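Q: Provided below for reference: sequence and predicted model.
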Amino acid sequence: MRAVVCEQLGNPEQLVLREDWPPAALGDNDVRIDVHAAGLNFPDVLMVQGKYQYQPPLPFVPGGEAAGVIAEVGAAVTQFKPGDRVISMGMAGAFCEQMVVPAAGLMPVPDGLALEEAAGIGITYFTSYYALKQRAQLQPGETLLVLGAGGGVGLTAVEIGKLMGARVIACASSDDKLAAAAAKGADELINYSDGDLKEKIRAVAGKEGVDVVYDPVGGDFSEPALRCTAWKGRYLVIGFAGGYIPKIPLNLALLKGCSIVGVFWGAFAGAEPEVQEQNRQELWQYFAEGKLKPVIGDVFALERYVEAFACLSERQAKGKVILTMR
C-alpha cells in the first residue's frame, strides 16, 4: 500500500512516498481502517525533524490523526464493526492508505461531518476546548486574545471562545487569515505583520488588557501579548509555530498578577481520561447541533505531501491542512 515514510530525520522533502509499505498484522483487540483523510499538525513537522518529545524508531509513517472506514475488526472487538466511520488519534501512522490501531483508542465520527472534516478535528478542537475550559476557565464576558487566529488550532480557539461567551480579539499575519477568523465570530481583528503588536492590542483591548491569551505561535509575539494581560489574566502556552521558544521575563507575571499556564492536551488526556471523555462528548454534541463547524483550508492528495508540510510549516494555512488518500 502507499504510505509517506520517514526513513531518515530531516526536512519533509526527505520523506519518501512508498508504494510497497507492508500492512500491519491485525491483533485480537485491533481494527483495520481504510484511511480516507489525515490531518497534518505542527508536531508532525517536528517529529520528522527529530525535534519532538516523542520519537518513533525509524522508519515510521508520520501523522497523528486520521478518519476512515473500518475494513476489519479483531476477534475480541465488539464495540465497532466493518463499515463504521471512525477517527484515529495517535502519535504516528496516519499518512497511509490503511492502518491498524487498537479499537480502544477510536472515536466515532460526529454526526453531520464528512471524513475530510473529521480527520482534522481531534487535536485542534480537543486542545482548544481543554485550554479554554479547564486551563483558562474562560467566563462569559471575558476578553480572549488569540494569536495565530487564522490557522487550524487558532480558528478553533476563536470559535470555541465565542461559543463560551467571550469577546474575541483575533491576531494573524494576513488579512485573508483574519477574514477566516471573522467568519468564526471574532469581534476585533489585528494584523501583526507590521507595527507594534503591544500597541495594537492596547488600542483594541483598552488599558484593562485581556483576560486570556491563547498562544500557539510563540516567538516574537509572546512577550508583547503577555504584557497586555489584565490583572489575574491567564496566558496559555499552546505551542511554538513561530519557530522558537521565547524567554519570558518572569517579573511580568509578578507585576501583572497573571498566570502563565501550560497546555499539553496529550498529557492531559492520558492523566485525566474521564475528563477528556466528557470534553469529547460535549464537543461531539456541539458538532451534531451545528454550533461548531471545522474549517478545512487546504486539501492535498497524498503524493503532494511536501506541499502540505510546507503549507503548515510556512504558516500559509487558513484552517486545517488535510491529506487525502483516495
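A: Looks like it came in fine.

Q: can you give me the helices in the protein?
A: 42-49, 115-118, 122-129, 152-163, 175-183, 197-205, 222-226, 251-256, 265-271, 273-288, 305-313 (DSSP state H).

Q: The fourth one: which residues count as buried?
A: Taking 16 or more other Cβ atoms under 10 Å as the basis for neighbour counts, the residues of helix 152-163 that come out buried are 152-162. C-betas here are computed from N, CA, C, even on glycine.

Q: what inclination does that helix have with respect to helix 122-129?
A: For helix 152-163 against helix 122-129, the angle by axes from the mean of the first three to the mean of the last three Cα atoms, to 10 degrees is 40 degrees.

Q: Against which helices or strands is helix 152-163 packed?
A: Helix 152-163 is packed against helix 122-129, strand 143-146, strand 167-172, helix 175-183, strand 210-215, with contacts defined by 3 or more Cβ pairs under 8 Å, 6 or more residues apart in numbering; DSSP states H and E.

Q: Which strands or helices does the last one pack on?
A: Spelled out, that is strand 210-215. Using 3+ Cβ pairs under 8 Å, 6+ apart, strand 210-215 is in contact with strand 143-146, helix 152-163, helix 222-226, strand 229-237.

Q: pLDDT of that strand, averaged?
A: For strand 210-215, mean pLDDT is 98.

Q: Mind listing the strands it pairs with, and their directions?
A: strand 143-146 (parallel), strand 229-237 (parallel) (DSSP bridges).

Q: so of those, which one's packed in deepest?
A: Among the strands paired with strand 210-215, strand 143-146 has the highest mean neighbour count (mean count of other Cβ atoms under 10 Å), at a mean of 30.

Q: Please list the outside residues in contact with that strand.
A: Outside strand 143-146, the residues that touch it by Cβ atoms under 8 Å, 6 or more residues apart in numbering are 132, 138, 154, 157-158, 161, 166-171, 181, 186, 201, 205, 209-214, 225, 228, 230.

Q: Go through the helices of the chain and pick out the most buried.
A: Buried most deeply of the helices of the chain, by mean count of other Cβ under 10 Å, is helix 152-163, with a mean of 27.

Q: which residue is nearest the centroid of this structure?
A: residue 124 (2.8 Å; Cα atoms, centre = their mean).

Q: what sits against the closest residue to residue 62 other than its chain neighbours?
A: For residue 62, ignoring the flanking residues on the chain, the nearest one in space by Cβ to Cβ, 6 or more residues apart in numbering is residue 44 at 5.0 Å. By Cβ under 8 Å, 6+ apart, the contact set of residue 44 is 62-64, 309, 312.

Q: between those, which is nearest residue 280?
A: Taking Cβ to Cβ as the measure, residue 280 lies nearest residue 64 of the contacts of residue 44, at 16.2 Å.

Q: Make sure the closest one is actually in contact with residue 91.
A: Yes - under the criterion of Cβ atoms under 8 Å, residue 64 is in contact with residue 91, at a separation of 5.8 Å.

Q: Among those two, which residue is more densely surrounded?
A: Neighbours were counted for residue 64 and for residue 91 using other Cβ atoms under 10 Å; residue 64 has more, 23 against 18.

Q: Done for today, thanks.
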